[in-house]
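> whatever this is, show me its structure:
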Amino acid sequence: MTEFDVIVIGGGINGLTAAAYLSKAGLSTVVIERRDQIGTHAVTEEQGVPGFRMSTHATAIMCGFGPVMADLELDKYGLELSMRREGFAMPFRDGKVFAPDVWDANVNYKKWERFSKRDAETFKAINNAAIRNGILKEYREKVFSAAPTLDRWDLWMKLFAKLPRMPSDWADMTGFELADHLYEDEHLKAQITTVANAYGFPPQEKVTGPQGVVVMSTFSGFAAGQAIGGAHQVPHALFRCIIHNGGKILQSCEVEKIIIEDGRAKGVILGPSSAYGEKRIIARKAIVSDLSPVPTFLHLIGEDNLEKGVAQAVKNYDYDWHILFHTSCMTTAMPRWKSASFDDGIQKAWAFNLGVESMRDVERTVDQIKAGSVPEPINALGGCFALSMHDKTATPEGFHNLQFWSDVPYNLKSGGAEEWDVIKDDIAEKVVRMVEDYSPGFGQSVKMRIAVTPLDSYRKNPSAIYGSWAGGPRKPGQLYLDRTFQGCNAPRTPFKGLYLSNGIWPMSGSVLLDGYVAACEVTADLGISRPSWWTHGANDWIEGWYKKNQVAVRPIVS
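Purely as a prediction, here's the structure:
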């Protein structure tokens, strides 16, 4: 077949999501992937020792907090999510630890109280207003899970303005500034801003920085799930859904060019090294690019086919954040945290951050990264995971699997990106020694250590410029209506019939909403009514999971 209703370029998880929706809606759909496997940033690989399985990018799986899991019934296609009671924990060198309970806001309130009674009252006020008044639910479903419009922007601003203790100018603050305004305890501010950053809300930015602080200040159940069997189970479930609904996936096929005729995307031409070399494939109705903005517009369409303003806007697109250094350790034991004597919840937490003692330390980390330096002392604030705590397939029997994500720059001021090949082992060793500060004896338990640099990630996935996992940071200038650039109106583009599912609102992550939003707008433009299965809300799957697993959730602080 050389003609389809829809072509999806790239087999990343959001491109696969768009393809799954469109094929299930009855459109003949093909996914074209450069590599010999799908899900580049949601992949699980064995490295070093057979059975030691690394999820070398996506690890915190968020698709349970959106409509995708329920709409596509991904659990029926083999995706099993372990949803834990423990949120992102953060131990401190002074022996304290904040280990949130995301199933019981009353327990969480008492945890806040141990650090600051004043801050606990602020948490209570924001949380109760967000839940009781439906503010969080309305934001998730009408703003976070929908394509950007001016009306939805106004709704976002009004919803957050309704929250107690929120300053009227909150959107003009950074996340650091709002955290300072709301809270007094440095431990809590460090935990809130670093976990928000790990979820894609950079605390140094306006609008999205405060957005992250607000979300982390509520009892939202917003704890990442773990894909049992590894992160690659996400693209594999989407793959099965696509095939079951009549779609096709071509692997080892690199798109060389998007065919543009009279301002409309008509099809693609494959490169000469593809399995179907230089094949011309036609899209009767739409093309969805799951490549990020620069390769989509500059490489596949070409600067000569872009208006000058569009070409310059794409060239100015910033990928320089959400760049991670990965340290993976096979150990003989789980960490024994010193801070467990303060709160043993840390021993139950499969997800955590560590390496800073205050929000001021977080701000210094941001400054160092922006200056092109690896943070010194090193920390791990991009999300750390004890993969084998709940997934026994993650490691050989008798061992454990720990991975640590450190935010870093891509280009190092001392030697550019190529220097990562020289220093990677030294940085990984520093990470292990840093963990020792919080868990004495950890280093002795490490039997194998593997490092993955942002340069490694970029080499594997050229669409992820600099290895950035979020399709570029969400910040003023490339946020909401200006994402990917002003006038693009993403997921639509300046070309008719061409859509994006990467680098658009809300973000290219495992919540899968970029693919969902793209599919929604494609069908809207084609005049296709959503079928009955395409009607779930943002909370439907997780609420069903709670009920099925007999989890008693208490979201309001009494």
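> so in the chain, which helix runs the longest?
helix 420-438 (DSSP state H).
> which elements pack onto the next helix or strand along the chain from that helix?
The helix or strand immediately downstream of helix 420-438 is helix 442-445, counting by DSSP states H and E. Judged by 3 or more Cβ pairs under 8 Å, 6 or more residues apart in numbering; DSSP states H and E, helix 442-445 is in contact with helix 420-438. Every residue, glycine included, has its C-beta placed from N, CA and C.
> buried residues in the helix it packs on?
Trp420, Ile423, Lys424, Ile427, Ala428, Glu429, Lys430, Val431, Val432, Met434, Val435, Tyr438 (16 or more other Cβ atoms under 10 Å).
> one more: stretch 95-104?
In stretch 95-104, counting by 16+ other Cβ under 10 Å, buried: Lys96, Val97, Phe98, Ala99, Pro100, Asp101, Val102, Trp103, Asp104.
> buried set for the longest strand seen in the chain?
Counting by DSSP state E, the longest strand found in the chain is strand 280-289. Residues Ile281, Ala283, Lys285, Ala286, Ile287, Val288, Ser289 are the ones in strand 280-289 that count as buried (16+ other Cβ under 10 Å).
> give me the sheet partners of it and which way each runs.
Neighbouring strands of strand 280-289 in its sheet, by DSSP bridges, are strand 3-9 (parallel), strand 264-270 (antiparallel), strand 498-500 (parallel).
> could you report the separation of the closest residue to Ile528 other than its chain neighbours from Arg530?
Distances taken as Cβ to Cβ, 6 or more residues apart in numbering place Ala25 nearest to Ile528, at 6.3 Å, with adjacent residues excluded. To Arg530, Ala25 is 8 Å away according to Cβ to Cβ, to the nearest Å.
> who's more crowded, these two?
Ala25 (21 against 14; other Cβ atoms under 10 Å).
> hang on, the more buried one packs against Ser529?
No. With contacts counted by Cβ atoms under 8 Å, Ala25 stays clear of Ser529, the gap being 9.4 Å.
> now do the SS call for Ser414.
coil (DSSP: H, G, I helix; E, B strand; the rest coil).
> that one and Lys24: what is the separation?
Applying Cβ to Cβ to Ser414 and Lys24 gives a distance of 50 Å.
> neighbour count for these two, which is higher?
Lys24 (22 against 10).
> identify the residues contacting the closest residue to that one other than its chain neighbours.
Leaving aside its chain neighbours, Lys24 sits nearest to Asn245 (4.4 Å; criterion: Cβ to Cβ, 6+ apart). Shown in contact with Asn245 (Cβ atoms under 8 Å, 6 or more residues apart in numbering): Ala20, Ser23, Lys24.
> same question for Asp391.
Counted by Cβ under 8 Å, 6+ apart, Asp391 has contacts Ser82, Gln226, Ile228, Gly229, Gly230.
> neighbours of the third one, just the number please.
Yep, that's Ile228 we're talking about. Neighbours of Ile228 (other Cβ under 10 Å): 17.
> hmm, back to that, out of the strands paired with strand 280-289, which is the most enclosed?
strand 498-500 (a mean of 27; mean count of other Cβ atoms under 10 Å).
> ok so, going back, which single one of the buried residues of stretch 95-104 is nearest to Thr149?
Ranked by distance to Thr149 (Cβ to Cβ), those are led by Val102 at 30.6 Å.
> show me the contacts for the closest residue to Gly398 other than its chain neighbours.
Once flanking residues are discounted, Gly398 sits nearest to Thr332: 7.5 Å by Cβ to Cβ, 6+ apart. Counting by Cβ under 8 Å, 6+ apart, Thr332 makes contact with Gly398, Phe399, His400, Ser445, Lys447.
> most surrounded residue in those?
That'd be His400 among the contacts of Thr332, by other Cβ under 10 Å, with 21 neighbours.
> what pLDDT is listed against that one?
In this model, His400 is scored at 97, pLDDT.
> renumber starting at 51 from here on
Yes, from this point I'll number from 51; that puts the last item at His450.
> report the separation between the spatially most distant residue from the centre of the chain and Lys546.
The centre of the chain is farthest from one residue, Asp312, which by Cα atoms, centre = their mean lies 36.0 Å away. Asp312 sits 9 Å away from Lys546, taking Cβ to Cβ as the criterion.
> where exactly do the helices run in the stretch 501-608 of the chain?
504-510, 563-575, 590-598 (DSSP state H, counting those that start in this stretch).
> how many residues are close by Met51?
8.
> what of Lys298?
Lys298 has 15 nearby residues by other Cβ under 10 Å.
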